[in-house]
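Engineer: Just need the structure, nothing else, for what follows:
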Amino acid sequence: QVLLVESGGGLVQAGGSLRLSCAASGRPFSTYAKAWFRQDPGKEREFVAAINWSGGSTHYADSVKGRFTMSRDNAKNTVDLQMNSLKPEDTAVYYCAAGPLMTTGWGSYEYWGQGTQVTVSS
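Structural biologist: Sure thing, here's the model as predicted:
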């Protein structure tokens with residue numbers, strides 16, 4: 001059974017930082033692209049960041065560019081999202097996803113975690 005588990009969410013003040021982690025188990029994901037999406041209640045799921053299988057290429061949503069950094073460790077089967085200079089509008093449930101291609105479309109990703117809540121207070 002494939003499993004993606006996110007951790008690291010929480011409550012932080014505006015301007016603060018959080019680091020999200022996603023651990024994969026059940027199959028080797030070293031050849032899969034990974035991505036982070038987020039969703040606020042009543043809103044569409046939104047692309048945040050993606051990284052290719054080797055970690056050599058990343059892509060970020062304009063809204064987080066320069067503030068968020070995504071990385072991966074294929075030996076540990078993990079991906080991280082370092083979030084700095086957080087804003088109240090970053091508040092959402094953050095989801096880790098894995099799929100064969102690095103894209104911004106959530107429909108391209110085959111495997112999803114359960115999500116972790118990030119709340120940024122003003």
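Engineer: okay, and for this protein, where does confidence drop off?
Structural biologist: 1, 28 (pLDDT under 70).
Engineer: which stretches of it form strands?
Structural biologist: For the chain, applying DSSP state E gives strands covering 3-7, 10-13, 18-25, 33-39, 46-51, 58-60, 68-73, 78-83, 92-99, 111-112, 116-121.
Engineer: Out of those strands, flag the one nearest Gly105.
Structural biologist: Closest approach to Gly105 among these is made by strand 46-51 (7.6 Å; C-beta to C-beta). All C-beta atoms are positioned from the backbone trio N, CA, C, and that covers glycine.
Engineer: orientation of the closest one relative to strand 92-99 in degrees?
Structural biologist: Calculated by axes from the mean of the first three to the mean of the last three C-alpha atoms, to 10 degrees, strand 46-51 forms an angle of 40 degrees with strand 92-99.
Engineer: related to what we said a few turns ago, of the strands of the chain, which stretch is the most buried?
Structural biologist: Mean neighbour count (mean count of other C-beta atoms under 10 Å) peaks for strand 33-39 among these, with a mean of 24.
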